[in-house]
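Undergrad: What shape does this take:
(4 chains)
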Number of protein chains: 4
Amino acid sequence: MIIVMKTGTPELEVQQISQELQRWKIKPEKTVGNHKVIIALIGDTADINPQYIQQLSPFIEEVLRVKQPFKRVSREFRYGEPTEVLVSTPNGAVSFSENHSIVTIAGPCSVENEEMIVQTARQVKAAGAKFLRGGAYKPRTSPYAFQGYGESALNLLATARQETGLGIVTEVMDTADLEKVAQIADIVQIGARNMHNFSLLKKVGNINKPILLKRGMSATIEEWLMAAEYILAAGNPNVILCERGIRSFDRQYARNTLDLSAIPVLRSLTHLPIMIDPSHGTGRSEYVPAMALAAIAAGADALMIEVHPNPSKALSDGPQSLTPDQYEKLMQEMAVIGQAVNRWEPKFAASTVSSLSPNYQSAKQLCNSTITVMTSHN
Amino acid sequence: MIIVMKTGTPELEVQQISQELQRWKIKPEKTVGNHKVIIALIGDTADINPQYIQQLSPFIEEVLRVKQPFKRVSREFRYGEPTEVLVSTPNGAVSFSENHSIVTIAGPCSVENEEMIVQTARQVKAAGAKFLRGGAYKPRTSPYAFQGYGESALNLLATARQETGLGIVTEVMDTADLEKVAQIADIVQIGARNMHNFSLLKKVGNINKPILLKRGMSATIEEWLMAAEYILAAGNPNVILCERGIRSFDRQYARNTLDLSAIPVLRSLTHLPIMIDPSHGTGRSEYVPAMALAAIAAGADALMIEVHPNPSKALSDGPQSLTPDQYEKLMQEMAVIGQAVNRWEPKFAASTVSSLSPNYQSAKQLCNSTITVMTSHN
Amino acid sequence: MIIVMKTGTPELEVQQISQELQRWKIKPEKTVGNHKVIIALIGDTADINPQYIQQLSPFIEEVLRVKQPFKRVSREFRYGEPTEVLVSTPNGAVSFSENHSIVTIAGPCSVENEEMIVQTARQVKAAGAKFLRGGAYKPRTSPYAFQGYGESALNLLATARQETGLGIVTEVMDTADLEKVAQIADIVQIGARNMHNFSLLKKVGNINKPILLKRGMSATIEEWLMAAEYILAAGNPNVILCERGIRSFDRQYARNTLDLSAIPVLRSLTHLPIMIDPSHGTGRSEYVPAMALAAIAAGADALMIEVHPNPSKALSDGPQSLTPDQYEKLMQEMAVIGQAVNRWEPKFAASTVSSLSPNYQSAKQLCNSTITVMTSHN
Amino acid sequence: MIIVMKTGTPELEVQQISQELQRWKIKPEKTVGNHKVIIALIGDTADINPQYIQQLSPFIEEVLRVKQPFKRVSREFRYGEPTEVLVSTPNGAVSFSENHSIVTIAGPCSVENEEMIVQTARQVKAAGAKFLRGGAYKPRTSPYAFQGYGESALNLLATARQETGLGIVTEVMDTADLEKVAQIADIVQIGARNMHNFSLLKKVGNINKPILLKRGMSATIEEWLMAAEYILAAGNPNVILCERGIRSFDRQYARNTLDLSAIPVLRSLTHLPIMIDPSHGTGRSEYVPAMALAAIAAGADALMIEVHPNPSKALSDGPQSLTPDQYEKLMQEMAVIGQAVNRWEPKFAASTVSSLSPNYQSAKQLCNSTITVMTSHN
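TA: Numbering: from 1, shown residues only, chains lettered A, B, ... in the order given. Down below sits the predicted model:
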């Protein structure tokens, strides 16, 4: 940490600050410039709040923090070695890591009934998904909107896992529900609106399940990593970071602004695996394919995509859901890019680039000529 | 609700949509324009999600919602009559309402120890505050930062109330702590980071204490009102809305952007009382006085201001806390503006404008010449 | 400036950087900490781009600038003495400065015809305005919208000045029009969309007229001050800064977010006078009174308010314009607050607080019960 | 356009509005619902400002625009047919269009001297670039920063074209410089800070050169398309839209937030070609490769990338520039993705996927392990 003093600070004041700092077991070193005096703090300053230091004297102009505030999630903490989050599912263990194939998660926003969730699970599995997502507890802006079927939906997810062998990803919203959710979920999701629910973060840090931590709507990269730090600090090292679109000044077309630059930024800062959710990230199914392909090219380790057997009847988030057919086509297009970057599981890879190029064309059509494609699937 | 059809929609499609809508017990009325066909939905559409309707047909261009999504919090719901949130304290009942005097709440970010909280309570009471604020459970960005003293801090707040007769405002972060918090608090606070914690909103809707609902960092006015709607829908009509600064692109000087236009906007939309928190709203004590005075002139019903006996030693949020002396001066300046708008409690009013004008000068000095004023108080 | 080296930087690299820096006539001073090496740059570093230094070596973690990038606009540049922008008008000289009475500017968005502009000028003068605003060249989002009457509108503004003695404020959008505009205008306005039009900033720095510089929609305080620095650096010291609302994530009710905290922030950073435009700042006439009163309480030196004889027929920005009657009422309410803070010109001051308090009530009505008030003026 | 009346509007008022509207040659059609009366406007309402209509009566609750405000740039305007912007260069004509191969533009932020610009031109040509970018007139935040070499830099660009046959892209900032710039440039660039400089937009609409229109830092998609509409409305149909990062709340790591979802959004709204600038879009060279590859996967028609022979000595924007070697490697990686989506010019295509996969690995290294890669290139 570095303390910058105001121009004209009396020497006595600098001495007093230095003495004060020594009582905190920090060694202050003074540098006198033409205009400014600077005090560098030597020692373990990670736990010191710059605000305390700022308040030591009205002559302090600025306190600059040199070290990043996050520790356990930082890339340095593991000497550059990426974390591999290994999740066991009935179909076998799946690795989330920058050194492994891209993992895909698919399913509806909400679990609506057994037939719907089991059928969707079968279809996304056939297309190559490793995990089924589905909401039992739903965060909804309106108290009058469908809030999820809760515990009974958890049981339906268990049925879907039994039927298909897919792993289950589902969200917890309340510390009181965590035990129930963790019993069923293979990966427990913390949603964007709860990224700053510190009570919940501490609790999921104490369980023995991997955590999918979505970025808050207006969370900085640093705040997001600090939220992950809460989980690691509480003892759970298995965290997957999921970018799902941030809030910007323009929400007329895309509902959120999907921040794909989070991929290279996080890669340089943390060892944790990175997932992209293009469904919430754009809020409109017609923009999902372009963003899913882009995420793979940018280096994402996993993708989560909303799929609903009948989006127009969905109890929540219909406009951003693909149909199972659209999802299957997108998976073929994703295979082309995934293979190009050597991160696609061989058995699902496209046989050759040329034979699959028409699939990319269909991806282009999907985003370019919404009307036609949407009609054909309705 | 209004459905706008795409140019060139076949007549048959319009008929099918109309039939589908009638099954939902809505009466559709068609208007044919030069370029577009429009279907207006007649009936109670408040509970219908426009997204469902959008998905009825790929020929639907846009679904426009005419009525606001919030009901119980809307000004119309009470025929324009403002809510009066009446809170009993040992010193007597206090009214939060646009028809009453402005209520002031003051105190430290966190409760640190008995001497500190009782002393602060006495000082802010002497300056005219009606409520003491103080955090027992603290939402902190870093897991390594001070997290509040929890239950023991609640007991210290109870002591401070007993000693001074002030009402107590304190935050709840977890549904598991609600009972304990509600036993001590006269007003239960939901912080900005939990504005979208729907589990918590439902729970505080079931208790018999007024709720202070802070605006989320990036919550729109509509989302904020919908969060309040959760509480009212669950049965608790006593909600005070508190603007505390939103997140914008510029955080170099002020930490947040205090959105004072929320005051006239909310006034026209809702019957609930409106509070301003200039301390979190700016994040820097030297900007607090100007924003507190502005809030009063703009029509705020209440103000919450952070006061700490020794900001440089504060365990949290020191940089935005006033000293008790600074707070007392600010209250005198607030009295000048509060009196000018006829919303200041007579016994604390300035005797005459002329005799108090130097106080405003000191307010100006406080924000203009930070160094001098800050020095004199340290 | 301070250079923070990465952990593990070889000593040789630090030496090489230090040598490189000395060639730039800067004296580097090294501090060795437990984790980091820091190099403080001593000398005149104001003109050095931190990015150049960053690029000196891949081992540099961060370059921190200690001094602010603006010079001539900084408060220190005038040793804390505020600038007084003195503008001569036919009715006498008017001072914009924190040491003088608040100056008010009023008028329509666009000059529409002689009768309209002269009539409006007379009415706003009667209410106490010192300047008439009116657009001859209009920045419009759509090429199909009214673009202003250009040169002929300038002549109408000259007529209005002759008839009323008010000073004229009007906007220049193109360097090619500057000469014409400057011939008529007493204050030349740079609009928000041109705050980063550096060619225009340099040109207005060469003329002998005061400049009203609006903040760009998404300009940081620092960028705004740097834009003013362009004008001062080119030789024109008479700049008035005008906050007119910034772009945030919520534009559903207020069109922009009026950042009133800019007032205390700017006051501490610069010696230039500060104006608030609550009309563009909110975009809705019903929110203008509350924000105008708040601006005065927060310490603004001037206010610019849109007034149109018939807002519903305005060629631009009707929804944010007050009628002359509404403006007159607002001026009376502004007098109450202006007098309370000792910054209202005596002859327009309210005679006593008590007799004027009903005016504030009408201000409250203006924002609270839009329908009634608006109806009475239509 | 649709007018929604307030609850309880008297029938007489609706009649008066309807009569008023007919004078504007619009046919109003009334629909009476349970709660609301709605008036649909039939006829050509494209040129009517909804704000005028709003002001017709205080009983109007909302005026909803059905048709988009842009015409000539809309996809419908060309019946879905994409525009092909055909630019002739000494090396032959180059097409910007969604039906052609991806076009690459590269070069330094500023033209510094003949050797530097000619050498860079040769290197980026060898790597496959079709155009050289280079600034003669530079928009800089600080008046004390390098402002570009102006006219002499234009001559150096002409030399570079002569030497390499590359087309030239350079920025115009002032209407006064347009003639000079257009004489040299094959594509004239309007920078982000001038996207709302309407005088300049009108002027470039009158020249016979293609225009590269960058998105303003906080411009919505609609505002950006309206800026393009200015150019098309003035007679110039050859506009290329370039996304270069928007301003969001987080600028700690990436300097801007590159909005790649603009690609599918624009594709559905407009026929104009779409370019991505990942250099300004992230502001840091280590994030450029990931975002360039993502842009191709998302469907971009062109990419503009900053390349400087020695970024650490660059007079501007060094931190975001690649070295020529880094650019060459990136082009090979771009070829892999470009080929996978069938949009890469055959002669620059990767021979087979397998042989090029190591290049992607190097791309990954470039973004993942900044230190190592950067060191090897310095």
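Undergrad: Count the neighbours of A:Leu86 for me.
TA: A:Leu86 has 13 neighbouring residues, counting by other C-beta atoms under 10 Å in any protein chain shown. Every C-beta, even on glycine, is put in place using the N, C-alpha and C of the backbone.
Undergrad: right, I mislabeled it, should have said A:Arg23
TA: A:Arg23: 7 neighbours (other C-beta under 10 Å).
Undergrad: Also A:Gln22?
TA: 12.
Undergrad: same thing with the one 10 residues further on?
TA: A:Val32 sits with 13 neighbouring residues when counted by other C-beta under 10 Å.
Undergrad: Distance-wise, check it relative to C:Thr31.
TA: 12 Å (C-beta to C-beta, to the nearest Å).
Undergrad: With A:Gln332 instead?
TA: A:Gln332 is 58 Å from C:Thr31, by C-beta to C-beta.
Undergrad: for A:Gly128, same thing?
TA: 55 Å.
Undergrad: same deal with A:Thr175?
TA: Distance from A:Thr175 to C:Thr31, by C-beta to C-beta: 46 Å.
Undergrad: As a check, name the ranges of all strands in the stretch 1-150 of chain A.
TA: Assigned by DSSP state E, counting those that start in this stretch, the stretch 1-150 of chain A shows strands spanning A:2-5, A:27-32, A:37-42, A:60-64, A:85-89, A:92-96, A:103-107, A:131-133.
Undergrad: give the contact list for the spatially most central residue of chain A.
TA: In chain A, the centroid-proximal residue (C-alpha atoms, centre = their mean) is A:Cys242; its distance is 1.2 Å. By C-beta atoms under 8 Å, 6 or more residues apart in numbering or on different chains, the residues touching A:Cys242 are A:Leu212, A:Leu213, A:Lys214, A:Arg215, A:Ile274, A:Met275, A:Ile276, A:Asp277, A:Ala302, A:Met304.
Undergrad: again, but for A:Ala160
TA: With C-beta under 8 Å, 6+ apart, A:Ala160 has these contacts: A:Ile117, A:Val118, A:Thr120, A:Ala121, A:Leu132, A:Gly134, A:Leu166, A:Ile168.
Undergrad: so which of the residues you listed is the most crowded?
TA: A:Leu132 (31 neighbours).
Undergrad: partners of that one in the sheet?
TA: A:Ala106, A:Ile168 (DSSP bridges).
Undergrad: how close does it get to A:Ala227?
TA: 25 Å.
Undergrad: still on that earlier bit, out of the contacts of A:Cys242, which are buried?
TA: A:Leu212, A:Leu213, A:Lys214, A:Arg215, A:Ile274, A:Met275, A:Ile276, A:Asp277, A:Ala302, A:Met304 (16 or more other C-beta atoms under 10 Å in any protein chain shown).
Undergrad: So which of these are in strands?
TA: A:Leu212, A:Leu213, A:Lys214, A:Ile274, A:Met275, A:Ile276, A:Ala302, A:Met304 (DSSP state E).
Undergrad: Excluding covalently adjacent residues, which one is nearest to the second one?
TA: Closest residue to A:Leu213 in three dimensions, ignoring its sequence neighbours and counting by C-beta to C-beta, 6 or more residues apart in numbering or on different chains: A:Ile190, at 5.0 Å.
Undergrad: how deep is the one you found tucked in, by neighbour count?
TA: Neighbours of A:Ile190 using other C-beta under 10 Å come to 25.
Undergrad: so who does it touch?
TA: Here A:Ile190 is in contact with A:Glu171, A:Val172, A:Asn197, A:Leu200, A:Leu201, A:Val204, A:Ile211, A:Leu212, A:Leu213, A:Lys214 (criterion: C-beta under 8 Å, 6+ apart).
Undergrad: could you redo the last one with a cut-off of 10 Å?
TA: A:171-173, A:196-197, A:200-201, A:204, A:211-214, A:216, A:227-228, A:231, A:239, A:242 (C-beta atoms under 10 Å, 6 or more residues apart in numbering or on different chains).
Undergrad: go on, A:Leu258?
TA: A:243-246, A:276-283, A:287-288, A:291, A:294-295, D:257-261.
Undergrad: What about the residues you listed, which are in strands?
TA: A:Glu243, A:Ile276.
Undergrad: can you put the strands of the stretch 1-150 of chain A in TSV and add mean pLDDT?
TA: Shown next, in TSV, are these (pLDDT from 0 to 100):
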stretch	mean pLDDT
strand A:2-5	84
strand A:27-32	77
strand A:37-42	78
strand A:60-64	84
strand A:85-89	97
strand A:92-96	97
strand A:103-107	98
strand A:131-133	98
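Undergrad: got these as CSV, with distance to C:Gln16 columns?
TA: Supplementary listing: the strands of the stretch 1-150 of chain A in CSV, determined by distance: least, C-beta to C-beta, whole Å:
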stretch, distance to C:Gln16
strand A:2-5, 22
strand A:27-32, 20
strand A:37-42, 21
strand A:60-64, 24
strand A:85-89, 41
strand A:92-96, 41
strand A:103-107, 45
strand A:131-133, 51
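Undergrad: Identify whichever of the ones you listed lies nearest to C:Gln252.
TA: In terms of C-beta to C-beta, the element of those nearest to C:Gln252 is strand A:131-133, at 30.7 Å.
Undergrad: orientation of the helix or strand just after the closest one relative to strand A:103-107 in degrees?
TA: Using DSSP states H and E, the helix or strand that follows strand A:131-133 towards the C-terminus is helix A:151-164. Here helix A:151-164 points in a direction 130 degrees away from that of strand A:103-107 (axes from the mean of the first three to the mean of the last three C-alpha atoms, to 10 degrees).
Undergrad: how far does helix A:151-164 sit from the chain's center?
TA: Distance of helix A:151-164 from its chain centroid, counting by C-alpha atoms, centre = their mean, to the nearest Å, is 24 Å.
Undergrad: same question, stretch A:129-137
TA: 15 Å.
Undergrad: Start and end of that stretch, how far apart?
TA: 22 Å (C-alpha to C-alpha, to the nearest Å).
Undergrad: Also stretch A:306-320?
TA: First residue to last in stretch A:306-320 (C-alpha to C-alpha) measures 7 Å.
Undergrad: quick check, it touching chain B?
TA: Yes: on the criterion C-beta under 10 Å from any C-beta of the partner chain, stretch A:306-320 is in touch with chain B at A:His308, A:Asn310, A:Pro311, A:Ser312, A:Lys313, A:Ala314, A:Leu315, A:Ser316, A:Asp317, A:Gly318, A:Pro319, A:Gln320.
Undergrad: count of residues packed around A:Val181?
TA: 25.
Undergrad: neighbours around the residue nearest to it when sequence neighbours are not counted, how many?
TA: Among residues not flanking A:Val181 along the chain, A:Val172 sits closest, at 4.3 Å (C-beta to C-beta, 6+ apart). When counting by other C-beta under 10 Å, one arrives at 27 neighbours for A:Val172.
Undergrad: Please name the residues that touch A:Val172.
TA: A:Val172 sits in contact with A:136-137, A:178-182, A:185, A:188-191, A:194, A:197, A:200, A:203-204, A:207, A:211, B:199, where contact means C-beta under 10 Å, 6+ apart.
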